[in-house]
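Chemist: just coords:
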């Protein structure tokens, strides 16, 4: 069994027009909402073997909040530049290359790619993955290379609005 956690970055600021998009920080509401998610993930006893985020500041900041809360070493967070501009096929490739000894993988990224990706596994499509939302999928497979060909079960779908 392999568990994949898909997380959209925390709410970020548009208050700095001079910043490049990838340099936008998360805002206080984003920090609060991500901490809300962390509490629920801890309650559900979520464990992470590998955490990957895009190179954007908002995903790195989100990943650090998640890592602290889930006792994942911050220095082991992997920043992947492809995740910043990725499409669904790129995301599949990233996942297929994960080592087989990783059982619980968390990816923190961006819309629209994440919404398009999760809709391939959900029985009822969603319009948009909200900021700080977390979806967990369990795949009946021993390797990540062909994860999408195995049976998939949605374990949970969490968003700050659902927990408020």
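Modeler: Looks like it arrived, so ask away. Note that the structure is a prediction, hence the values are computed from the model and not measured.
Chemist: Please name the spatially closest residue to residue 22 (chain neighbours excluded).
Modeler: In space, not counting the residues next to it along the chain, residue 22 is nearest to residue 56; the distance is 4.3 Å by CB to CB, 6 or more residues apart in numbering. Glycine gets a C-beta too; all of them are placed from N, C-alpha and C.
Chemist: wouldn't the one you found be in contact with residue 82 here?
Modeler: No - in this structure, residue 56 is not within contact of residue 82 by CB atoms under 8 Å, at 11.9 Å.
Chemist: In terms of neighbours, single out the busier of the two.
Modeler: The neighbour count for residue 56 versus residue 82, taken as other CB atoms under 10 Å, is higher for residue 56 (24 against 15).
Chemist: max-length helix in this protein?
Modeler: Assignment by DSSP state H gives helix 28-43 as the longest helix of the chain.
Chemist: so after that helix, what's the next helix or strand?
Modeler: Note on helix 28-43: by DSSP states H and E, the next helix or strand toward the C-terminus is strand 50-54.
Chemist: Tell me what angle the helix or strand just after that following strand forms with helix 28-43.
Modeler: On the C-terminal side of strand 50-54, the nearest following helix or strand under DSSP H and E is helix 57-69. Using axes from the mean of the first three to the mean of the last three CA atoms, to 10 degrees, the inter-axis angle of helix 57-69 relative to helix 28-43 is 40 degrees.
Chemist: Give me the sheet partners of the helix or strand immediately after helix 57-69 in the chain and which way each runs.
Modeler: Proceeding N to C from helix 57-69, the next assigned helix or strand is strand 78-80, under DSSP H and E. Using DSSP bridges, strand 78-80 pairs in its sheet with strand 50-54 (parallel).
Chemist: distance between the partner strand and the chain's centre?
Modeler: Between the centre of strand 50-54 and the centre of its chain there are 8 Å (CA atoms, centre = their mean, to the nearest Å).
Chemist: re the thing from before, list the residues that contact the residue nearest to residue 22.
Modeler: Residue 56 sits next to 9, 21, 22, 23, 24, 84, 110 when contact means CB atoms under 8 Å, 6 or more residues apart in numbering.
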